[in-house]
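> turn this into a structure:
(2 chains)
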Number of protein chains: 2
Amino acid sequence: MDLAISLDFNNKYVPLHRQVYEELRKAILCGRLPAKHRVPSTRSLSQSLGISRTTVTISYEQLKSEGYIETLVGSGTFVCAQLPDDLLRSIPVEHVQKITRPQIQLSKYAHSLVEADVPGITEPLTTINFRYGRPAFDKFPMQIWHKLLSRHCSPVNSNWLDYSTDHKGYLPLRKAIVSYLSRSRAVKCDPDQVMILNGTQQALYLIMRLLIDTGDTMALEEPGYLSARRVFLSQGAKLLPINVDSEGLMVEELKQYTNESIKIVYVTPSHQFPTGSILSLPRRLELLAWTRQTGALIIEDDYDSEYRYGERPIPALQGLDESDSVLYVGTFSKVLFPSLRIGYLVLPKSLAPLFARAKWLNDRHLPLLEQYVLTDFIEEGHLERHIRKMRSHYDQCRQILVQALKEHFGERVKILGEKAGIHLMVKLQTPLSDEEIVQRAGNEWSGNASC
Amino acid sequence: MDLAISLDFNNKYVPLHRQVYEELRKAILCGRLPAKHRVPSTRSLSQSLGISRTTVTISYEQLKSEGYIETLVGSGTFVCAQLPDDLLRSIPVEHVQKITRPQIQLSKYAHSLVEADVPGITEPLTTINFRYGRPAFDKFPMQIWHKLLSRHCSPVNSNWLDYSTDHKGYLPLRKAIVSYLSRSRAVKCDPDQVMILNGTQQALYLIMRLLIDTGDTMALEEPGYLSARRVFLSQGAKLLPINVDSEGLMVEELKQYTNESIKIVYVTPSHQFPTGSILSLPRRLELLAWTRQTGALIIEDDYDSEYRYGERPIPALQGLDESDSVLYVGTFSKVLFPSLRIGYLVLPKSLAPLFARAKWLNDRHLPLLEQYVLTDFIEEGHLERHIRKMRSHYDQCRQILVQALKEHFGERVKILGEKAGIHLMVKLQTPLSDEEIVQRAGNEWSGNASC
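Residues are numbered from 1 along each chain as shown, chains lettered A, B, ... in the order given. Model (predicted):
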């Protein structure tokens, strides 16, 4: 019989026996090999295809076990009779790879994402990577991290392999975070209020999901953190941008929206993103007082508060708040490394059970091994040691960059923000566009590099 | 002056200097220590509190750096004048720990979760843990896993510390999964269709979020997987339970709902949860044909398809589908370990970009170290070796359990399902309730144990 089988000998994903199997199966399902018809013997098919007989035999065994073909002793191998004929006929003939089907209907949320502006894969244009929010990876204490990984990843210690039954995250880690936040950020909470989440992103996502409906109003800093803005928009929030000056969010401006029912204000008080200003104490108190009056909530995104050079950090809004209005978001992405994907959310007590439920429905919990390792890392003092070391390192980096900018641009450069954080915002007095400046900097570097 | 400060000497989370700081700050904010008033000297306060002067000094330094108090040379330390008076007065007096605020308004989604039935922390009642879906952790090749972790977790190898820019997951892992699924499950896809997700749970959550709006109709197996049902309900889906028999989902029953616009059917075809039946080939073809006619999508949850004892597994619905109707969900929770939190979703090509965007907005990406390790684990053949080993182990366990059940219950026990999977469903002919049986089994065990 004439059985057209096309094999792709260069396909490294699909082995030949699987390809033979699939071609025969397709031939049966399309009716090219009708029920009760004889299929070629393994010998003849292997010869015609130029492949080993074993390969064909494996394919046939698979087809037999799945009920497509059967061997009748002494007669040969046949397509099974019991496949429902009408089903077979409902599949159109020959080489129709894909069958047209009604278009897939998306949810409202999905429609809002169709045009969503989500960053793609970006590679640095130049040899020096100036991307913001990127810790100095070569300074990460990999050996300590490896030692702690090895401690838990041993055959005698397999209790972390199972599902976690704690929806908020590994309890000893939550305790370690409470203690760390109390020491370093004056955050007041107990472990029950802490959720271990897959980074700041998940904290913002869950807050949106549980507290914002389409059309609800939110205020946020202008300029501000784009990734937060993206989550807010995707959830259908109406956004009120509030200007920022050298003391951070201009609370006066916020207070003027007396006709708006603002549900949430998103702020980065310890190091405004991207301008670098720090929300002053009077503004903090003013913001909290406004919150108490209006019933709004505050998302305090404390993404790199650990890095303040000189003075001690101003305590978190969360610690100043006496009215359960602050949702405090922190992350280990900046003090350790981003691909760890561990952040935390400190919640008003009344909201904690609800967030735990939402987290469970979303993805159950974070991997446990990293939570064990991080707990030890904090409890044994490595975290704070690392932060101290990095604080001095980033301070030096900042000084070198500031000095170089002043040296090369003189009066034409203005450094914005306080001495804090791991990024720097500058204003250049120049007629050039952003793109032109990046392009020129790239050229300059290539020029130097080839010297 | 009389300054009441209460310290908790047993509090292991909040050090004394922080407690002193907080008490003083509260006194200032409440107006007990008014602007421009003198605060006690460090010496006198340390004496009255019975703590070291250094501790008090640390507290004062913090308060100074934050602008609460200031030292005037030769005169002493005072509460700052520049704190806005009206703000201070807006905070009620004395020991009001929490200020009442308008109730927090929840989103519609949050309201749907308030009563959501999400499993809590469960401990086995007896010494033997019969919980379903729990792999044999003592058989996990921890040493190999540790070796692979160590390979990547070394100071010369820090490229995985950064954010991943690949929203779908680490590309080499997606390639390894494509190859594995093609070999073992006849799933046809390319790496672009694969999303690495935080377990089956996140796959189901994202599918719901992107394809289901409140009130949309879904069909699912009855009895079926409760955790899936919970996600569907939380998203406001209207659920149609479809009965299951020894050939799996009764597609005939599904076809009778001609007046319903069913958007998605959720099935566990390779080992129906919990009955253990396997969706027969005719039913598979019938289901796919129905899908093509109605435009419905199929969620194929292939949670433990690796464990089939005896015959080869029937290929996945995804591989039989020619009309882009199947969303294939798999997990490493059963073949490796649940706390790894890695699952995958194979999507119709048209949906992949949208899911990548939703994943990024949800939590960006999974931790990278585990993705590197898992890639090596698959590519170097450890995964399939481990599965072969475990298949024989679980087969033995199953036989022992079946034999014991038959021995002790004789005619009164009926074993349901095919020889597959890592759980077993039995029907006991008994007037006892579930709880009574569990209770008796526990007593029996304790009785034996004390012999």
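
> just the buried residues of stretch A:207-219, please?
A:207, A:208, A:209, A:210, A:211, A:212, A:213, A:216, A:217, A:218, A:219 (16 or more other CB atoms under 10 Å in any protein chain shown). The C-beta positions use only the backbone N, C-alpha and C, and glycine is treated the same way.

> could I get those residues as a markdown table with pLDDT?
Formatted as a markdown table, the buried residues of stretch A:207-219 follow (pLDDT from 0 to 100):
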| residue | pLDDT |
| --- | --- |
| A:207 | 97 |
| A:208 | 96 |
| A:209 | 95 |
| A:210 | 95 |
| A:211 | 96 |
| A:212 | 95 |
| A:213 | 94 |
| A:216 | 95 |
| A:217 | 97 |
| A:218 | 97 |
| A:219 | 98 |
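
> okay, and which of those map to strands?
Using DSSP state E, the members of the buried residues of stretch A:207-219 that fall within strands are A:217, A:218, A:219.

> which member of those is positioned nearest residue A:119?
residue A:218 (21.2 Å; CB to CB).

> just checking, the closest one touches residue A:237?
Yes: in this structure, residue A:218 is within contact of residue A:237 by CB atoms under 8 Å, at 4.7 Å.

> which neighbours do those two share?
Common contact partners of residue A:218 and residue A:237 (CB atoms under 8 Å, 6 or more residues apart in numbering or on different chains): residue A:212.

> residue A:361 against residue B:206, yeah?
No: applying CB under 8 Å, one finds residue A:361 not in contact with residue B:206, separated by 11.5 Å.

> wait, is residue A:71 part of a helix?
No: secondary structure of residue A:71 (DSSP: H, G, I helix; E, B strand; the rest coil): strand, not part of a helix.

> and it, what are its bridge partners?
With DSSP bridges as the criterion, residue A:71 is bridged to residue A:77.

> from what I see, it and residue A:64 are in contact.
Yes: counting by CB under 8 Å, residue A:64 is a contact partner of residue A:71 at 6.9 Å.

> what about these two, which has more around it?
When residue A:71 and residue A:64 are compared for neighbours, residue A:64 comes out ahead with 16 against 12, by other CB atoms under 10 Å in any protein chain shown.

> helix, strand, or coil at that one?
Strictly by three-state DSSP, residue A:64 counts as helix.

> for residue A:98, give me the pLDDT.
The model reports residue A:98 with a pLDDT of 57.

> quick one: the residue located most distally from the centre of chain A from chain B, how far?
Here chain A reaches farthest from its C-alpha mean at residue A:74, the gap being 60.6 Å by CA atoms, centre = their mean. Computed as CB to the nearest CB, to the nearest Å, the residue A:74 to chain B distance reads 24 Å.

> swap in residue A:409?
Counting by CB to the nearest CB, the gap from residue A:409 to chain B is 29 Å.

> so that residue sits against residue A:437, correct?
No: between residue A:409 and residue A:437 there is no contact under CB under 8 Å: 10.9 Å.

> which residues do those two both contact?
residue A:428.

> any chance you could map the strands in the stretch 101-250 of chain A?
A:194-197, A:217-222, A:238-245, A:248-249 (DSSP state E, counting those that start in this stretch).

> got the angle for the longest one vs strand A:217-222?
With axes from the mean of the first three to the mean of the last three CA atoms, to 10 degrees defining the directions, strand A:238-245 sits at 30 degrees from strand A:217-222.

> strand partners (parallel or antiparallel) of strand A:238-245?
With DSSP bridges as the test, strand A:238-245 pairs up with strand A:217-222 (parallel), strand A:248-249 (antiparallel).

> quick one: buried residues of it?
A:240, A:242, A:244.

> please enumerate residues in contact with it?
A:215-224, A:229, A:232-233, A:249-250, A:253-254, A:257, A:260, A:262, A:265, A:272, A:275, A:277.

> and the nearest residue to residue A:8 once chain neighbours are set aside, how many neighbours does it have?
The shortest distance from residue A:8 to any non-neighbouring residue, by CB to CB, 6 or more residues apart in numbering or on different chains, is to residue A:19 (6.6 Å). The tally of other residues near residue A:19 (other CB under 10 Å) stands at 21.

> and residue A:19, what element?
Assigned by DSSP states H and E, residue A:19 belongs to helix A:16-30.

> quick one: mean pLDDT over the following helix or strand past that helix.
Scanning forward in sequence from helix A:16-30 by DSSP H and E, the next helix or strand is helix A:42-49. Mean per-residue pLDDT for helix A:42-49: 88.

> again with stretch A:281-288
Averaged over stretch A:281-288, pLDDT sits at 91.

> close to chain B, is it?
Yes: Stretch A:281-288 is in contact with chain B by CB under 8 Å from any CB of the partner chain, via A:281, A:282, A:285, A:286.

> do you know how far the third one is from residue A:247?
This points to residue A:285. The gap separating residue A:285 from residue A:247 is 12 Å, by CB to CB, to the nearest Å.

> how about residue A:362: what's its closest non-neighbour residue?
Take residue A:362 and drop its neighbours on the chain: the residue closest to it by CB to CB, 6+ apart is residue B:205, 5.2 Å away.

> tell me how many other residues crowd that neighbour.
Considering only other CB under 10 Å, residue B:205 is surrounded by 23 other residues.

> and the longest helix along chain A, how far out from the chain's middle?
Counting residues, the longest helix in chain A under DSSP state H turns out to be helix A:382-409. Remark: helix A:382-409 is offset 27 Å from the chain centroid, using CA atoms, centre = their mean, to the nearest Å.

> give me the buried positions along it.
Buried, per 16+ other CB under 10 Å, within helix A:382-409: A:382, A:383, A:386, A:387, A:390, A:391, A:394, A:395, A:398, A:405.

> again, but for stretch A:219-234
Across stretch A:219-234, burial judged by 16+ other CB under 10 Å covers A:219-221, A:224-225, A:227-234.

> keep only those of these that are in helices.
With DSSP H as the criterion, helices contain A:227, A:228, A:229, A:230, A:231, A:232, A:233, A:234 from among those.

> mind putting these in a markdown table, pLDDT and distance to chain B included?
Converted to a markdown table, those look like this (pLDDT from 0 to 100; distance: CB to the nearest CB, whole Å):
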| residue | pLDDT | distance to chain B |
| --- | --- | --- |
| A:227 | 91 | 8 |
| A:228 | 94 | 11 |
| A:229 | 94 | 11 |
| A:230 | 92 | 6 |
| A:231 | 94 | 6 |
| A:232 | 95 | 10 |
| A:233 | 93 | 10 |
| A:234 | 92 | 5 |
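
> and the gap between residue A:242 and residue A:254?
Residue A:242 is 5 Å from residue A:254, by CB to CB.

> which neighbours do those two share?
A:219, A:265.

> where's the residue in the stretch 51-200 of chain A positioned nearest to chain B relative to residue B:325, distance?
When scored by CB to the nearest CB, the stretch 51-200 of chain A has residue A:102 as its residue closest to chain B, at 3.2 Å. To residue B:325, residue A:102 is 10 Å away according to CB to CB.

> which of residue A:285 and residue A:247 has more residues huddled nearby?
When residue A:285 and residue A:247 are compared for neighbours, residue A:285 comes out ahead with 21 against 16, by other CB under 10 Å.

> would you agree that one is in contact with residue A:322?
No: counting by CB under 8 Å, residue A:285 stays clear of residue A:322, with 11.0 Å between them.

> domain map for chain A?
A:16-94, A:137-383, A:385-446 (automatic domain parsing).

> pick the most deeply packed of these.
domain A:137-383 (a mean of 21; mean count of other CB atoms under 10 Å in any protein chain shown).

> now do the same end-to-end measure for it.
End-to-end span of domain A:137-383 (CA to CA, to the nearest Å): 15 Å.
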